[in-house]
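Novice: Fold the stuff below for me.
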Amino acid sequence: QVQLVESGGGLVQPGGSLRLSCAVSGFTLDYYAIGWFRQAPGKEREGVSCIISSDGSTYYADSVKGRFAISRDNAKNTVYLQIYSLKPEDTAVYYCALAGPIATMGGCGYEYEYWGQGTQVTVSS
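Specialist: Residues are numbered from 1 along each chain as shown. Alright, predicted model coming up:
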């Protein structure tokens, strides 16, 4: 059974940093994507970043480029989302999700079948 478990959220002051983790288990796909999404209250879910298994390619939404960094630790089956210079508008529930198997096409526009439960990030002074 595929499981994704996010952690690392919390309350942070503007300008601070956080590292979110997504521990993935229960699958044996060779070609997949792990995406990070967020949903703020009253807003639609937004894709922010993804990483591709085959070559480690990373992609970011324009709204987060330069402040978000996605990475992976294959030994731990964990994908990270490092967020720098947090802003109040980054406040949201952050989810990770798995898409696979995939035919790599660039970007993050895959069908994500498996989702984690989310972790709350609140940016406030």
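
Novice: gap between Ala69 and Asp30?
Specialist: Shown here: Ala69 relative to Asp30, a distance of 24 Å by C-beta to C-beta, to the nearest Å. Just so you know, the C-beta spots here come from the backbone N, C-alpha and C atoms, and that holds for glycine as well.

Novice: ditto for Tyr60
Specialist: From Tyr60 to Asp30 the distance is 24 Å (C-beta to C-beta).

Novice: Between these two, tell me which one has more neighbours.
Specialist: Tyr60 (18 against 9; other C-beta atoms under 10 Å).

Novice: Strands along the chain, start to end?
Specialist: Counting by DSSP state E, one finds strands in the chain at the ranges 3-7, 10-12, 18-25, 33-39, 46-52, 58-60, 68-73, 78-83, 92-99, 114-115, 119-123.

Novice: mind putting those in a markdown table, distance to Gly106 and mean pLDDT included?
Specialist: Formatted as a markdown table, those follow (distance: least, C-beta to C-beta, whole Å; pLDDT from 0 to 100):
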| stretch | distance to Gly106 | mean pLDDT |
| --- | --- | --- |
| strand 3-7 | 23 | 97 |
| strand 10-12 | 32 | 97 |
| strand 18-25 | 21 | 97 |
| strand 33-39 | 11 | 97 |
| strand 46-52 | 9 | 96 |
| strand 58-60 | 8 | 96 |
| strand 68-73 | 15 | 96 |
| strand 78-83 | 19 | 97 |
| strand 92-99 | 14 | 97 |
| strand 114-115 | 22 | 96 |
| strand 119-123 | 27 | 98 |
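
Novice: As JSON lines, those strands with distance to Met105 would be great.
Specialist: Converted to JSON lines, the strands of the chain look like this (distance: least, C-beta to C-beta, whole Å):
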{"stretch": "strand 3-7", "distance to Met105": "22"}
{"stretch": "strand 10-12", "distance to Met105": "34"}
{"stretch": "strand 18-25", "distance to Met105": "21"}
{"stretch": "strand 33-39", "distance to Met105": "10"}
{"stretch": "strand 46-52", "distance to Met105": "10"}
{"stretch": "strand 58-60", "distance to Met105": "11"}
{"stretch": "strand 68-73", "distance to Met105": "18"}
{"stretch": "strand 78-83", "distance to Met105": "19"}
{"stretch": "strand 92-99", "distance to Met105": "11"}
{"stretch": "strand 114-115", "distance to Met105": "19"}
{"stretch": "strand 119-123", "distance to Met105": "28"}
